[in-house]
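A.B. asks: when you get a sec, could you give me coordinates for this:
(2 chains)
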Amino acid sequence: LQIFINNEWHDSSCGRKIPVYNPATGEKICEVEEGDEEDVDKAVKAAKEAFQLGSVWRRMDASDRGRLLNKLADLVERDQLILTTMETIDSGKLFLIAYFVDLMAAVKTLRYYGGWSDKIQGRTIPVDGEYFTFTRHEPVGVCGQIIPWNFPLLMFIWKIAPALCCGNTVVIKPAEQTPLTALHMAALVKEAGFPPGVVNVVPGYGSTAGAAIASHMYIDKVAFTGSTEVGKLIKEAAGKSNLKRVTLELGGKNPNIVFADADLDHAVEQAHHGLFFNQGQCCLAGSRIFVEETIYEEFVRRSVERAKQRVLGNPFIPGVDQGPQIDKKQFDKILELIESGRKEGAKLECGGSQWGDKGLFVQPTVFSDVTDEMRIAKEEIFGPVQQIMKFKTIDEVIKRANSTHYGLVAGVFTQDINKALTIASSLQAGTVW
Amino acid sequence: QIFINNEWHDAVSKKTFPTVNPSTAEVICQVAEGDKADVDKAVKAAKEAFRLGSPWRRMDASHRGLLLNRLADLIERDSAYLATLETLDNGKPYSVSYSVDLPLVVKCLRYYAGWADKNHGKTIPIDGDYFCYTRHEPVGVCGQIIPWNFPLLMQAWKLGPALATGNTVVMKVAEQTPLTALYVASLIKEVRFPEGVVNIIPGYGHTAGAAISSHMDIDKVAFTGSTEVGQLILQAASRNLKKVTLELGGKSPNIILSDADLEDAVEQAHFALFFNQGQCCCAGSRTYVQEDVYNEFVERSVERAKKRIVGDPFSLQTEQGPQVDEDQFKKVLGYISAGKRDGAKLMCGGGVAADRGYFIQPTIFGEVKDNMTIAREEIFGPVMQILKFKTLEEVIERGNDTQYGLAAAVFTRDIDKAHYISAALRAGTVWINCYDVFGAQAPFGGYKASGNGRELGEYSLENYTEVKTVTIKVPQKNS
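C.D. replies: Got it, this is the predicted structure:
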């Protein structure tokens, strides 16, 4: 499995390979050519060439870019079983989820952006003086894109679709843990008919290939999804190098607020999935569940009962609810944070350690009586560990929900329209459910 | 037959009418003749399909887009058949049906498929402790009356935005050319649009068309056709104040400045008038040529017109087929007589081109004056008028001196003149150094008597959207 540049497959310049593992069994699946700075250079060169004034890609009708994106969606649909299987083996997510959620969303996203390509409109502007003024909405240029391992295929699509829709060329580095579906997508990109150099896929490590992208002098924009810690490095590198534009999708410690008037069963179920989905490996996991004190005890009881029902096992088998964590590093981090929860005095209601003796599985874990200063209430765990805390008043919970340097998403459960709208406008979060 | 609720029906009256092949004047087949009773049935179906809670109302917007894309796929699949049927029914050359009309139909549908889930409302910072937002809802049951000059394309221009935004449709196709639209109806069923979402009725304007424009349960009517009928539709619509959009006639000025690339201008001006047998609402039917280049322009235009190959539209060499029917045929010949009577100089053509079918010779009149009938009225045939002018100001005034305002063009190499003229002309589309360039992305429509509203582009979504403002009291508003 090689590096994809200019619609061709290349060995790595440094000669090294990345081992790819199945987190459910610990076995090595295969090896992938490791891209480093030199390979990033090659890719950028190809992307720059494809972006030249007068190139096939630059001269293409916007509507044809849309046609290509729709064609790519058709091919993803055609290969949905292959991609789903690959995604499951590589990331440990459940097969049925990968099929019904990840793949379907990937296709829809490609079609959505396929529809936008010839609708990116500038304006004509009535400026003072004898002038005709209009804005052109031009592509930025060569876009570096660095994606994570928690939704490998979907993150790949979220990045390339809008970039290609608007006419850019792309150098994309998939996560070293999960390069497989990205490389299959590269083959589909070629099959769909995108001109060479428009999409280039360079598997590699963050500290080498990723850093090369963030500081490259000929990349015009970098988009990164991953941890806040690395996001800071990317922004810094962009500033130090060529002031490339930066967009970042980082971590979260998202508040999920349950009022006493909520439909309790529904709230428990939603809060459960809100935390445990994708083995807890979601930037938008609802990892601080604030429950109004009058229903607190009951909520905790039902949540624990629900967590105990969770079935762990081989992600390919229907009936399994939770697969393994992605790798040892994550696994260790989760167990360490669970330990800190114990030490700092949270009440461990269930779970709390490894499950099974093969693969990187963590038991569904619930902590109650969590207070805001505990590490498990402040740090992003990225694992199947649910924190339930108590609150009295709406003003109090808004303050506590907002006192975090994160602000990705939030949730509120209530039947009261006023509470719902108040919370929605008060929380400092990019999405409120 | 008539297409209602994804099923095929005879007319309530059991009447039929013939559709004729204009190349041979022979009847192709009989078609069910829809009248008021059939319109009533269709409106009932469309209203039911639009009910709150119906499959169409509950469908994801993105899925509406998916259905439109699938329809485009099927039309692409059946392109050769549809192009053949279009040429048989309308007379336009097959090479044009296949390589122009059909691809434009597919592109239009795909363009609107893309808009389906992007018709955003807004959240609005209103004064007071309120949360305010707009919903962009579909208008409801839309009556659509389409003409015979681009049967398939006109159907796509109407269905695309209406369906993308979630409306249901009762469409009356032109009695001269019902066949391709009815075939598309079968594709609409194949793609599985819910029943009642699209209903198609072949019939006459003064019966089925009138029933649509005055129907109390139709929320909006869109009409493409003559200005004369457009006026009737607007009046009938006032009964229930249904929303109206109109795409009507034109007498579009095509202005050739002396610094233009003359060879290119001659070819483009020829195309601008003679395309589609002259049967374009936006035909460049007043060709204004600056006096310095007038004589040469006329000479070259005549030479080009004489080379125009008129004949069997199924022959790939043919550039010009027959006019669509006997009425149009007679009308065009009438205008040619008027031109001669008014003293214009007949430079070539002027008569019938074959003894079977409705073929007319490519005709050019020179020395045309603004007050002649052929300079003021829409001919809708292969009859070109060439007029002389001196200055920019003069030609702008003369160009604008018309009840119409659909399109215009200017041929020049001078960037300042191009900007000046394009800003000055009162026309919905101004082409510079080109003519009849269309894209699903670019809006099209008329000033003045050429119509109300714009089709194509983002703009046409407005025609099919009803804006609802929702304002909710909140305990405390924060910005």
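A.B. asks: so who does residue 353 touch?
C.D. replies: With no chain named, the answer covers chain A. A:335, A:338, A:362, A:363 (Cβ atoms under 8 Å, 6 or more residues apart in numbering or on different chains). Bear in mind the C-beta positions are built from the backbone N, C-alpha and C, glycine included.
A.B. asks: to clarify, I was referring to chain B.
C.D. replies: Counted by Cβ under 8 Å, 6+ apart, residue B:353 has contacts B:310, B:359, B:360, B:361.
A.B. asks: buried residues in stretch B:91-111?
C.D. replies: Across stretch B:91-111, burial judged by 16 or more other Cβ atoms under 10 Å in any protein chain shown covers B:91-98, B:100-102, B:104-111.
A.B. asks: that stretch: end-to-end distance?
C.D. replies: The first and last residues of stretch B:91-111 sit 28 Å apart, counting by Cα to Cα, to the nearest Å.
A.B. asks: where exactly do the strands run in the stretch 51-200 of chain B?
C.D. replies: All strands of the stretch 51-200 of chain B, identified by DSSP state E, counting those that start in this stretch, fall at B:123-124, B:130-138, B:141-145, B:168-173, B:198-202.
A.B. asks: tabulate those (TSV), appending distance to residue A:108 and mean pLDDT.
C.D. replies: Output for these, formatted as TSV (distance: least, Cβ to Cβ, whole Å; pLDDT from 0 to 100):
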stretch	distance to residue A:108	mean pLDDT
strand B:123-124	24	95
strand B:130-138	20	96
strand B:141-145	27	98
strand B:168-173	25	98
strand B:198-202	24	98
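A.B. asks: could I get those strands as a markdown table with mean neighbour count?
C.D. replies: Formatted as a markdown table, the strands of the stretch 51-200 of chain B follow (neighbours: other Cβ atoms under 10 Å in any protein chain shown):
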| stretch | mean neighbour count |
| --- | --- |
| strand B:123-124 | 12 |
| strand B:130-138 | 17 |
| strand B:141-145 | 28 |
| strand B:168-173 | 29 |
| strand B:198-202 | 29 |
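A.B. asks: enumerate the residues of chain B near chain A.
C.D. replies: B:62, B:65-66, B:69, B:107, B:110-111, B:113-118, B:131, B:419, B:439-441, B:458, B:472, B:474-478 (Cβ under 8 Å from any Cβ of the partner chain).
A.B. asks: which of those residues count as buried?
C.D. replies: B:65-66, B:69, B:107, B:110-111, B:113-118, B:131, B:439-441, B:458, B:474, B:477.
A.B. asks: just the residues you listed: which are in helices?
C.D. replies: B:65, B:66, B:69, B:107, B:110, B:111, B:113, B:114, B:115 (DSSP state H).
A.B. asks: got the contact list for the fifth one?
C.D. replies: Taking Cβ under 8 Å, 6+ apart, we find residue B:110 in contact with A:63, A:66, A:67, A:70, B:68, B:69, B:72, B:440.
A.B. asks: the fourth one too?
C.D. replies: Under the criterion of Cβ under 8 Å, 6+ apart, the contact list for residue B:107 reads A:63, B:439, B:440.
A.B. asks: can you tell me how far it is from residue B:101?
C.D. replies: According to Cβ to Cβ, to the nearest Å, residue B:107 stands 11 Å off from residue B:101.
A.B. asks: in the stretch 251-400 of chain A, which residue sits nearest chain B?
C.D. replies: The minimum distance from the stretch 251-400 of chain A to chain B, using Cβ to the nearest Cβ, falls at residue A:394 (9.5 Å).
A.B. asks: check contacts around that residue.
C.D. replies: Contacts of residue A:394 (Cβ under 8 Å, 6+ apart): A:419, A:422, A:423.
A.B. asks: what are the phi and psi values at it?
C.D. replies: Per-residue torsions, residue A:394: phi -70, psi -40 (degrees, to the nearest 10).
A.B. asks: remind me which helix or strand residue A:307 belongs to.
C.D. replies: For residue A:307, the host element (DSSP states H and E) is helix A:293-308.
A.B. asks: so which elements touch whatever helix or strand comes next after that helix?
C.D. replies: Following helix A:293-308 in sequence order, the next helix or strand is helix A:328-343 (DSSP H and E). Packing partners of helix A:328-343 (3 or more Cβ pairs under 8 Å, 6 or more residues apart in numbering or on different chains; DSSP states H and E): strand A:347-350, strand A:361-362, helix A:375-378, strand A:385-391.
A.B. asks: with that, I have no additional questions.
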